[in-house]
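> got a predicted structure here, sequence first:
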Amino acid sequence: MSQRELAIHIFRYNPEDPNDEPKTETFTLQEEEGMTLFIALNKIREEQDPTLKFDFVCRAGICGSCGMLINGKPTLACKTLTKTLPDDITLMPLPVFKLLGDLSVDTGTWFRDISLRTESWIHTDKPFDPEAEEERMSNETALQIYEAERCIECGCCIGGCATANIKPDFIGAAGVNRVARFMVDPRDERDEQAYFDVVGSEDGIFGCIGLMACDDNCPIDIPLQGQLAYVRRKMAAAGWKR
Amino acid sequence: MKHYDHFTTDVLVVGAGLAGERAAIEAASRGLNVIILSLVPPRRSHSSAAQGGMQAALGNSAMGKGDNPDVHFADTVKGSDWGCDQDVARLFAENAPIAVRQMAYWGVPWNRVKAEKRIYDGKEIQEDPEKEGLITARNFGGTAKWRTCYTSDGTGHSLLYTMDSVVLKLGITVHDRTEVLSLIHDDKRCFGVVSRCLRTGQLRVYTARSTVIATGGYGRLYGASTNAVINEGSGMFVALETGKVPLGNMEAVQFHPTGIVPTWILITEGARGDGGYLLDKNHHRFMPDYEPKKKELASRDVVSRRIMQHIRKGYGVDSPHGPHVWLDIRHLGEKHINTNLREIANICRNFRGIDPVHDLIPVRPTQHYSMGGIRTDINGIAYGLEGLFALGEAACWDLHGFNRLGGNSLAETVVAGMVVGDKIASYTREADLQYSSSLIDDHVGFQEDRIQALIEARNGDENVYELRREMEETLSENVGIFRSEGPLKKAVSKLHELLERSYHVGLTSDGKGANPELASALRITGMIKLAYCIAAGALAREESRGSHYREDFPARDDDNWLKRTLAYWPEGAKEPVLEYEPVKITELPPGDRGYGEATRESAESNSSS
């Protein structure tokens, strides 16, 4: 394998420093076999610039920490192999989210806010009985819930969403998918009007203009187009009955 | 005016993984104010990476029929190689079914029993139609029954997202991107923590009637680990650095049999539990040769050793990253792999460019879990300081002894969160909080001075990343799966040197704000102390038990070593002080595990070497 020299152009800005201005800095790096952007960015930090900010946690595509724009496309840096990229690589932080510095953005606060606004927890009046057998559920239903539950809240669908980029309160595909997860769960006793209250607005499902970049960009292949359609259909029916 | 922000609460939980959040929920449900601190947004915690499942003796699946807490207890004790506390194991096994059902009540989409026939390892399994729709289980290592409840291979993710949804519902305060630098204490009682905000770099003080450490493991002390990069053992070393709180059994380090080569990302035990094989370079399934009874599903310590033993005999597959063996799940079929093992299929595709539906997966045993940690009693109360609790992987409760069973870590986090959380709530309701403000100023001042010294490179210009690499190499090379006196002595002396050098780290950057080099520099001394405790404990323990395997002392020695190591780090000491305490045996006296080198059932492992 021929080892390339990579030119990695990285967005730099520290919003905490009033004298700092946004800029792009270029780092050159020898490519190694099996190199991911996780490996590359850590090498740059340890060998070239220890102030460089970015977020990784699991480095295995599971935790959703490292979403960024890689040559313009929002995706997870940890599972992006450099060999899939050209010699010139441009890394920018995900838009929409608050910038913490360089490539680090505050997805955590954004997603917590969405979960609170959509009341993303099981709503039930039944108490928990520690002595009782669990309530039964078909395995198909369990798998259907898990399909939506898999979302890792990386924010790639949000960063790549035109609506989210111009409407700061839009919950985006991740928010809608989160609501869909509870809608298919028989343990959640909310009726469709209760869901309409949290998602039936222009900041919820009706804000989506159907560009479907979210479905293209989801790094773990959640069928977001289907989830958006499902929630939109249910909420359109619920809205009609108001 | 104070130059730092000061928060005060009833219960302060450090760590927002499953254990911390479950304890926080228990305390908040009892009307207490709770603040959770976390290095990362809670849902990014390493609990989310647990794949395979959570053990609880529900006995719903056909292969789990007749299971009960007694069997779970016995499996856990044997798995621990009799190193665990049997009162804790009993408490745990009895509560695990309640915990798993409560998680179902809160929303975890556990896979359910389907009344169907399946072929497993050549045998037909018929599920009981009367159990249809109840929580099912898969097979895991070292268990007599199929007991591991799961959601595909994203069990930790489902559990953590569900747990966090309850934290949100209860309105519990979470301060993420916050790192604890030290515990505030007066040698008798813990009053809270000094922390650093990872957004701004500012120091913050939290005081609380009770402080709870739930920061997980220290996998990143080893260069090759399945663990997330945040698993640096910070909760353990801040407790150790009080000089009063001991760490239990730090030499008990789990190596998971199947980390993928060369990124060392975990390939779940569920892959073998669901019927996967381990193959050598000749594509021979070698585990039945060593472990005729349990095959690929002996306990993790045993399977990891058998793999390395087989590789040493020359049956490993050569690669630029060292020899490895193969994991073969092809025969499970595309549908099973793409639903029940989807995450690991994606890991294979993304990080190795291979498809486990058609290809073999290259694997080697990899550091995975810490049985050791902050020593607590059965109520989760840390030894040595009042008002301090610990639970989960950060603690040595001690459920796992010298080897943890797969599926018992998720179960421990949730069960301990429930049980210890209740004790925390009871303690906190009675406890008062009185401290002098000068004590807090002293603790903050100490950290401010450390930071200033690092920025100015006042004590030297040692490079933090260089020290870190040397520490990782020292542990990986000398304190691994096979241990013996020579390499362990080498590790101890090297760590002694690294510790001294760590006091002379200086930053190469300006250290301003949330500077990542400064964050690493603030951790390095504590991390090296943990590494030192591991190596020193391993050198002292002249026997083999569970994951701790001494080639120069290959047998378990219950006469001399049926005891738990307690590592203390007195203030100003240059090395840990090791003490020991007896292991509590209540129901099951030391005996044969039923697998592993010492068992009568096991094939003679040295016959062909």
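On my side now, so go ahead.

> could you use CA atoms for every contact and neighbour count after this?
Noted.

> which residues are in contact with the residue lying closest to B:Gly407 once chain neighbours are set aside?
Spatial nearest neighbour of B:Gly407, excluding adjacent residues (CA to CA, 6 or more residues apart in numbering or on different chains): B:Met54 at 4.3 Å. By CA atoms under 8 Å, 6 or more residues apart in numbering or on different chains, the contact list for B:Met54 reads B:100, B:148-150, B:155, B:407-411.

> now swap in B:Ala208 and tell me
B:8-12, B:191-192, B:433.

> pLDDT score for residue 84?
Answering for chain A, as no chain was given. With respect to pLDDT, A:Thr84 scores 95.

> switch to chain B, please.
The model's pLDDT for B:Cys84 equals 98.

> if you skip the residues just before and after it, what's nearest to it?
Nearest one to B:Cys84, counting by CA to CA, 6+ apart, is B:Gly401 at 3.8 Å.

> which ones are touching the one you found?
So B:Gly401 contacts B:77, B:80-85, B:249, B:252, B:371-372, B:546 (CA under 8 Å, 6+ apart).

> can you give the distance from the lengthiest helix in chain B to the centre of its chain?
Longest helix in chain B by number of residues (criterion: DSSP state H): helix B:516-540. Put simply, helix B:516-540 sits 16 Å off its chain's centre (CA atoms, centre = their mean, to the nearest Å).

> now tell me what touches whichever helix or strand comes after it from outside.
Of the helices and strands lying after helix B:516-540 in sequence (DSSP states H and E), the nearest is strand B:549-550. For strand B:549-550, contacts defined as CA under 8 Å, 6+ apart pick out B:481-484, B:542-544.

> nearest residue to the residue in chain B positioned nearest to chain A in space, please, no chain neighbours.
Distances between chain B and chain A by CA to the nearest CA are smallest at B:Ala228, namely 4.1 Å. Excluding the flanking residues, the one nearest B:Ala228 by CA to CA, 6+ apart is A:Cys58, at 4.1 Å.

> determine whether the claim that the one you found is in a strand is correct.
No: applying DSSP: H, G, I helix; E, B strand; the rest coil, one finds A:Cys58 to be coil, outside a strand.

> show me which residues of the stretch 201-350 of chain B sit near chain A.
Proximity of the stretch 201-350 of chain B to chain A, by CA under 8 Å from any CA of the partner chain, involves residues B:227-230, B:265, B:347, B:350.

> list just the nearest of the residues you listed to B:Ala96.
B:Asn227 (24.5 Å; CA to CA).

> measure the residue nearest to the closest one when sequence neighbours are not counted to B:Ser225 for me?
With CA to CA, 6+ apart as the criterion, B:Asn227 has its nearest non-adjacent residue at 5.5 Å, and that residue is B:Gly219. According to CA to CA, to the nearest Å, B:Gly219 and B:Ser225 sit 6 Å apart.

> do the same with B:Arg483
18 Å.

> what about the two, which has more around it?
Regarding B:Arg483 and B:Ser225, a neighbour count based on other CA atoms under 10 Å in any protein chain shown identifies B:Ser225 as having more, with 25 against 22.

> can you pull the contacts of the more buried one?
Going by CA under 8 Å, 6+ apart, the list of residues near B:Ser225 reads B:219, B:264-265, B:366-368.

> again, only using 7 Å
If you count contacts by CA atoms under 7 Å, 6 or more residues apart in numbering or on different chains, B:Ser225 has them with B:219, B:264, B:366-368.

> next, the distance between the ends of stretch A:56-69.
15 Å.

> quick one: average pLDDT of it?
On average, stretch A:56-69 scores 97.

> just the element for residue 119, please.
Since you didn't name a chain, this refers to chain A. Counting by DSSP H and E, A:Glu119 is found in no helix or strand.

> ah, no, chain B please
Short version, using DSSP H and E: B:Ile119 is in strand B:117-120.

> swap in B:Leu183?
strand B:178-185.

> strands paired with that strand, and their directions?
Its sheet considered, strand B:178-185 pairs with strand B:190-197 (antiparallel) by DSSP bridges.

> stretch B:492-512: end-to-end distance?
Taking CA to CA, the first and last residues of stretch B:492-512 lie 34 Å apart.

> for it, what is the distance to the chain centroid?
With CA atoms, centre = their mean, you get 26 Å for stretch B:492-512.

> excluding chain neighbours, what is closest to B:Arg177?
B:Leu39 (4.4 Å).

> for A:Glu46, that is, sorry about that
Nearest to A:Glu46 is B:Tyr465, by CA to CA, 6+ apart, at 6.5 Å.

> quick one: secondary structure of the one you found?
helix.

> which regions of the chain sit below the pLDDT cut-off?
Using chain A. A:1-2 (pLDDT under 70).

> please go with chain B instead
For chain B, the ranges with pLDDT under 70 are B:1-2, B:600-609.

> can you tell me how far the residue nearest to B:Asp81 when sequence neighbours are not counted is from B:Asp10?
Spatial nearest neighbour of B:Asp81, excluding adjacent residues (CA to CA, 6+ apart): B:Gly546 at 5.3 Å. Counting by CA to CA, the gap from B:Gly546 to B:Asp10 is 39 Å.

> same question, B:Tyr369
31 Å.

> what's the answer for B:Ala573, then?
Taking CA to CA, one finds B:Ala573 at 33 Å from B:Asp10.

> for the contacts of B:Met54, give me TSV that also has secondary structure and neighbour count.
Putting those into TSV (DSSP: H, G, I helix; E, B strand; the rest coil; neighbours: other CA atoms under 10 Å in any protein chain shown) gives the following:
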residue	secondary structure	neighbour count
B:Val100	helix	25
B:Thr148	strand	27
B:Cys149	strand	26
B:Tyr150	coil	28
B:Thr155	helix	26
B:Gly407	coil	25
B:Asn408	helix	22
B:Ser409	helix	23
B:Leu410	helix	26
B:Ala411	helix	27
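
> residues in contact with the helix or strand following the strand holding B:Ile119: which ones?
Per DSSP H and E, the first helix or strand lying C-terminal to strand B:117-120 is strand B:123-126. Residues outside strand B:123-126 that contact it (CA under 7 Å, 6+ apart): B:62, B:116-119.

> strand partners (parallel or antiparallel) of strand B:123-126?
When DSSP bridges is applied, strand B:123-126 pairs with strand B:117-120 (antiparallel).

> can you count the residues close to residue 201?
Just so you know, I chose chain A. 14.

> my bad, the chain I had in mind was chain B
Neighbour number of B:Gly201 under other CA under 10 Å is 20.

> which strand residues bridge the residue nearest in space to the middle of chain B?
The residue lying closest to the centre of chain B (CA atoms, centre = their mean) is B:Tyr369, at 3.7 Å. Per DSSP bridges, the residues bridged to B:Tyr369 are B:Gln254.

> over to the one 5 residues further on?
In this structure, B:Ile374 bridges to B:Leu247, B:Ala395 when assessed by DSSP bridges.

> that older thread, does the longest helix of chain B reach chain A?
Yes: using CA under 7 Å from any CA of the partner chain as the criterion, contacts between helix B:516-540 and chain A involve B:516-517.

> would you map the strands across chain A?
A:5-12, A:23-30, A:67-70, A:73-76, A:88-93, A:99-101, A:104-105 (DSSP state E).

> reformat those as TSV; add mean neighbour count and distance to B:Lys169.
Output for these, formatted as TSV (neighbours: other CA atoms under 10 Å in any protein chain shown; distance: least, CA to CA, whole Å):
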stretch	mean neighbour count	distance to B:Lys169
strand A:5-12	19	37
strand A:23-30	14	41
strand A:67-70	24	27
strand A:73-76	25	29
strand A:88-93	20	30
strand A:99-101	21	27
strand A:104-105	24	25
